[in-house]
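Asker: Quick check, what structure comes out for this input:
(chains A, B, C and D)
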Protein chains: 2
Amino acid sequence: MATSARRGPYFCGIDAAMDVVAGKWKSLILWELHHYGTRRFAELRRGLPGVSEKMLIQHLREMEEDGLVHREVYREVPPKVEYSLTEHGVSLNAALAPLGKWGTERMRRIGAEKVTVNVAASVRR
Amino acid sequence: MATSARRGPYFCGIDAAMDVVAGKWKSLILWELHHYGTRRFAELRRGLPGVSEKMLIQHLREMEEDGLVHREVYREVPPKVEYSLTEHGVSLNAALAPLGKWGTERMRRIGAEKVTVNVAASVRR
DNA sequence: TCGGGTACTCACCTGTGGGTAAGTACGGAT
DNA sequence: ATCCGTACTTACCCACAGGTGAGTACCCGA
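Answerer: From the prediction side, this is the model:
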């Protein structure tokens, strides 16, 4: 994978911000961590119906590199790892809030559906 | 191309907003149109050093579909087309402002460079 | 007459983002 | 004895985002 850069050069601030948020699940991870404060790997996986474990880890690692996410490992058996937002992650999440509002408004306008979380299915597997 | 959907379903507002902004140049087009009010195709191309004409058009068409951009054609020779933001485009741009600030701060933190616009080169070709 | 500028369209190609599926090491429950 | 759950890692595969380069129809300036 060679741990892609995400260090510019950028055209502008939006460009730089989009770079760390780009990725199918990153904004959702951000939201999930903000909402719950602290989450374990499997909790995140269940909270984001449809993520593959590979992408979840990859995104978490990148967000850690980018200083958005803190990773706390408890040397236990079975393994336990807790993820949480750093100060930068929290501020990024705050900066995304107006965008979220705009998006919600857009969903209303175009009558988009929300993802139907088939809880039964996602728990089953 | 089959004009991809961008109509959800979405997990949340951010998801819905990211969907219309996703694309290497869209946020920059938004900024450019916001800054200048109205821009012609070739002006945009020159304003975004590195865009391919194909992507510029494709993005503009999608943003028009999404109701962010207005396209005004003047039936002249040589052709003249003016692009500008719609009300929704303007509000999206406003919603992106805090994100832009955050990104600018991040650039400062990590010491990222700005894209060096080699004007000579981009004019030459 | 040639080149450059307008705004595109079309065909082709490649890199990579993201998905699938299996494997690992360990303990507890059934 | 087997399966489930923890948190991953690895290998493989494919769709598609985005780039390249050429073509179009017209006019203007050198």
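
Asker: What residue in chain A is the furthest from its centre?
Answerer: When each C-alpha in chain A is compared with the mean C-alpha position (CA atoms, centre = their mean), residue A:77 comes out farthest, at 26.1 Å.

Asker: ok, the residue most central in space within chain A - contacts?
Answerer: Chain A has residue A:29 as the residue nearest its centroid, 1.9 Å off, counting by CA atoms, centre = their mean. Each residue near residue A:29 by CB atoms under 8 Å, 6 or more residues apart in numbering or on different chains is listed here: A:44, A:48, A:56, A:59-60, A:63, A:69. Using the backbone N, CA and C atoms, a C-beta is placed for each residue, glycine as well.

Asker: 10 Å instead, please
Answerer: Taking CB atoms under 10 Å, 6 or more residues apart in numbering or on different chains, we find residue A:29 in contact with A:21, A:23, A:39, A:44, A:47-48, A:51, A:56, A:59-60, A:63, A:68-69, A:83, A:85, A:89.

Asker: how about the helices in chain A?
Answerer: For chain A, the helices defined by DSSP state H occupy A:13-21, A:26-36, A:41-47, A:53-65, A:87-110, A:119-124.

Asker: Using CSV, list the CA coordinates for the second one.
Answerer: Once side chains and other backbone atoms are set aside, the C-alpha atoms of helix A:26-36 remain, and they are given as CSV (Å, rounded to 0.1, in the frame of the first residue of the first chain):
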residue,chain,number,x,y,z
LYS,A,26,-13.8,8.4,6.9
SER,A,27,-16.5,11.0,7.6
LEU,A,28,-18.7,8.3,9.1
ILE,A,29,-15.9,7.1,11.3
LEU,A,30,-15.4,10.6,12.4
TRP,A,31,-19.0,11.0,13.2
GLU,A,32,-19.2,7.6,15.0
LEU,A,33,-16.2,8.4,17.2
HIS,A,34,-17.5,11.9,17.9
HIS,A,35,-20.9,10.5,18.9
TYR,A,36,-19.7,7.7,21.1
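
Asker: What average pLDDT does that helix get?
Answerer: Helix A:26-36 shows a mean pLDDT of 96.

Asker: which parts of that helix are buried?
Answerer: Of the residues in helix A:26-36, those scored as buried under the neighbour-count criterion (16 or more other CB atoms under 10 Å in any protein chain shown) are A:26-34.

Asker: Could you give the bridge partners of residue A:81?
Answerer: When assigned by DSSP bridges, residue A:81 has beta-bridge partners residue A:73.

Asker: how many neighbours does it have?
Answerer: Applying the criterion other CB atoms under 10 Å in any protein chain shown, we find 14 residues in the vicinity of residue A:81.

Asker: Same question for residue A:51.
Answerer: Counted with other CB under 10 Å, the neighbours of residue A:51 add up to 18.

Asker: Leaving out sequence neighbours, find the closest residue to it.
Answerer: Counting by CB to CB, 6 or more residues apart in numbering or on different chains, residue A:25 is the residue found nearest to residue A:51 once chain neighbours are left out, at 5.5 Å.
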